[in-house]
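Asks: Fold the following and give me the result.
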Amino acid sequence: FYPSVSGSLIFSNLFEHKEWFTFGKLRASWAKVGGDTSPYQLQLEYGLKPYTNKGTSLGYITSGSVPNANLKPTSTYSFEVGMDVRFLDNRLGLDFTYYQQITKDQILSLPVSQSTGYSRAMINAGEISNKGIEASLSLVPVKTKNFTWDANINFAKNYNEVVKLHEDVKDFELAAARWANAFIYASEGQPYGVIVGKKLNRTEAGEVIYENGLPTFDDKVSVLGNGNYDFTLGFRNAFSYKNLSMSVLVDMKFGADVYSMSKMQSHVNGTSKDTLEGREGWYASEQARLSANVDAKDWTPTGGYVGKGVKAVTDADGNVSYVPNDVYVDPAKYWQALQNSSPEPFICDNSFVKLREVSLSYSCPKKWFVHTPIESVTLSAYGRNLLLIYSNVDNLDPESSYNNGNGQGFEYGSLPSRRTFGFGINVKF
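Replies: Below is the predicted model of the structure:
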């Protein structure tokens with residue numbers, strides 16, 4: 001049973017109002033919807049082997065997941081209220097929406113010990129909350145006999161939280177890049193899809209702590225970022241002059257993080273310009289060591305990469321204090337140490353501004369088609385994903401991703417979004 005109810009009230013019809021007030025409407029809705037999973041999850045599945053034993057077919061259990069006869073559909077409860085008001089004969093309008101959505105009894109596939117004969121178990125658990133606002137402001141700044149300028153600004157902000165998972169499971173892995181020591185988790189009390197990994201050890205002042213010239217890391221994983229955007233903006237301008245029209249859309253997204261494994265790999269491989277620091281010094285130090293015929297363990301490097309941070313020193317009384325790190329290391333070992341342990345240095349702000357689309361159309365004068373069956377002809381051309389105006393991530397398309405699933409917040413070797421162009425003709429008879 002999935003009920004829903006909705007209603008609206010055009011309150012501008014209820015009273016006399018000034019000429020500058022054109023239209024006003026309130027709306028509200030509530031709904032419950034369900035969600036399912038793959039079929040055949042409630043009972044065991046059986047199959048036959050492709051061979052026989054003394055002429056008898058051999059059967060086996062094909063299910064890799066523990067069946068759950070009590071599995072329930074996911075339930076999502078949504079509530080929304082909104083307002084649409086327009087002024088000055090529709091030259092100014094505001095559409096505002098507040099929504100709240102709670103999803104319960106999520107269907108989760110959890111790993112279990114393979115000694116049970118299965119690899120996973122399907123259960124109902126968890127509660128996720130989404131609430132936010134959406135607003136749209138429409139303007140007609142200029143309107144003359146032959147020229148019109150329409151503008152529209154859209155704003156959206158979503159607050160997302162994993163309220164609870166399971167009494168025995170507080171963190172659920174959504175995606176993993178184990179080779180890069182990073183994970184995407186759904187964790188209680190956190191937004192859905194946080195980036196998780198070992199963080200760098202730091203002092204209370206936030207300085208990275210080094211040991212023997214290499215950074216040190218926490219033993220446990222922590223939340224290092226969030227792949228969800230804080231808010232999005234869209235700005236569309238439409239211009240029309242007589243039969244010619246043009247539309248320009250700028251798309252803006254702010255506040256998300258991305259773990260760029262492409263950036264990490266470029267540092268490990270030495271192809272990033274950031275890895276040039278310390279190379280010549282380390283090479284000169286190694287040449288001097290080899291010339292002196294000294295073993296590496298007995299040599300104090302005279303050049304190389306020096307990590308920005310502090311190192312711990314202990315005085316005669318056993319008191320620990322921190323001084324600036326001044327230990328030279330091989331740059332290659334430094335960047336390799338980061339790859340082996342922590343994604344933190346390669347997590348970037350993934351905010352961007354893009355020129356999303358430009359379109360141009362021309363409506364041919366109707367007098368051209370007098371005495372023909374053609375009523376109208378419109379010629380159009382468009383371009384999409386035309387320009388990256390602003391981005392915090394160098395050498396990458398901020399919309400690149402690791403996969404199309406729950407790995408949002410990961411990026412590795414991704415191809416940039418395609419730039420597309422098109423032409424069209426619309427003929428009405």
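Asks: May I have stretch 154-161 exported as PDB, CA atoms only?
Replies: The C-alpha trace of stretch 154-161 is given here as PDB (Å, rounded to 0.1, in the frame of the first residue of the first chain):
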ATOM      1  CA  ASN A 154      18.000  28.000 -10.200                       C
ATOM      2  CA  PHE A 155      19.400  27.200  -6.800                       C
ATOM      3  CA  ALA A 156      19.300  23.800  -5.000                       C
ATOM      4  CA  LYS A 157      20.700  22.700  -1.700                       C
ATOM      5  CA  ASN A 158      20.300  19.200  -0.100                       C
ATOM      6  CA  TYR A 159      21.100  18.100   3.400                       C
ATOM      7  CA  ASN A 160      21.800  14.400   3.500                       C
ATOM      8  CA  GLU A 161      22.400  12.100   6.500                       C
END
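Asks: wait, doesn't residue 261 sit right on residue 181?
Replies: No: using C-beta atoms under 8 Å, residue 261 is not in contact with residue 181; the gap is 10.3 Å. Yep, even glycine has a C-beta here, placed from its N, CA and C like the rest.
Asks: what is in contact with the two at once?
Replies: Listed as contacting both residue 261 and residue 181 by C-beta atoms under 8 Å, 6 or more residues apart in numbering are residue 343.
Asks: all strands of the stretch 201-350 of the chain, in order?
Replies: 209-211, 214-215, 217-226, 231-241, 244-254, 257-260, 310-314, 320-324, 347-349 (DSSP state E, counting those that start in this stretch).
Asks: what's the second one packed up against?
Replies: So that's strand 214-215. helix 331-341 (3 or more C-beta pairs under 8 Å, 6 or more residues apart in numbering; DSSP states H and E).
Asks: Name the residues of the helix it packs on that are buried.
Replies: 331-332, 334-335, 337-339, 341 (16 or more other C-beta atoms under 10 Å).
Asks: can you list contacts of that helix?
Replies: Residues contacting helix 331-341 (C-beta under 8 Å, 6+ apart): 180-181, 198, 213-215, 217, 264-265, 267-268, 270, 275, 277-279, 282, 304-305, 307, 345-346.
Asks: let's go with 7 Å and repeat that
Replies: Contacts of helix 331-341 from elsewhere in the structure, counted by C-beta atoms under 7 Å, 6 or more residues apart in numbering, are 180-181, 198, 214-215, 217, 264, 267-268, 270, 275, 277-279, 282, 304-305, 307, 345.
Asks: Can you turn the buried part of the residues you listed into a PyMOL selection?
Replies: The buried residues among the contacts of helix 331-341 can be selected in PyMOL (16+ other C-beta under 10 Å) with this line:
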select buried, resi 180+181+198+214+215+217+264+267+268+275+278+279+282+304+305+307+345
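Asks: Inside helices: which ones of the contacts of helix 331-341?
Replies: 264, 267-268, 279, 282 (DSSP state H).
Asks: now these in a markdown table, with distance to residue 244 and pLDDT?
Replies: Output for the ones in helices among the contacts of helix 331-341, formatted as a markdown table (distance: C-beta to C-beta, whole Å; pLDDT from 0 to 100):
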| residue | distance to residue 244 | pLDDT |
| --- | --- | --- |
| 264 | 49 | 94 |
| 267 | 50 | 94 |
| 268 | 53 | 94 |
| 279 | 57 | 95 |
| 282 | 63 | 96 |
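Asks: Who's the closest spatial neighbour of residue 176, skipping the chain neighbours?
Replies: residue 183 (4.9 Å; C-beta to C-beta, 6 or more residues apart in numbering).
Asks: Could you count how many residues lie near that neighbour?
Replies: If you count neighbours by other C-beta atoms under 10 Å, residue 183 ends up with 23.
Asks: any idea which element it lies in?
Replies: In this structure, residue 183 is located in strand 182-187 according to DSSP states H and E.
Asks: how far off strand 217-226 does that strand point, in degrees?
Replies: 70 degrees (axes from the mean of the first three to the mean of the last three C-alpha atoms, to 10 degrees).
Asks: May I have strand 182-187 exported as PDB, CA atoms only?
Replies: C-alpha atoms of strand 182-187 as PDB (Å, rounded to 0.1, in the frame of the first residue of the first chain):
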ATOM      1  CA  ALA A 182      40.400   4.700  -0.100                       C
ATOM      2  CA  PHE A 183      36.800   3.800   0.400                       C
ATOM      3  CA  ILE A 184      33.300   5.300   0.000                       C
ATOM      4  CA  TYR A 185      31.200   4.700   3.100                       C
ATOM      5  CA  ALA A 186      27.700   5.100   4.300                       C
ATOM      6  CA  SER A 187      28.400   5.800   8.000                       C
END
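Asks: residues making contact with it?
Replies: With C-beta under 7 Å, 6+ apart, strand 182-187 has contacts from 162, 165, 170-176, 192-197, 259, 343, 406-407, 409-410.
Asks: What average pLDDT does it get?
Replies: For strand 182-187, mean pLDDT rounds to 92.
Asks: strands paired with it, and their directions?
Replies: strand 171-177 (antiparallel), strand 194-200 (antiparallel) (DSSP bridges).
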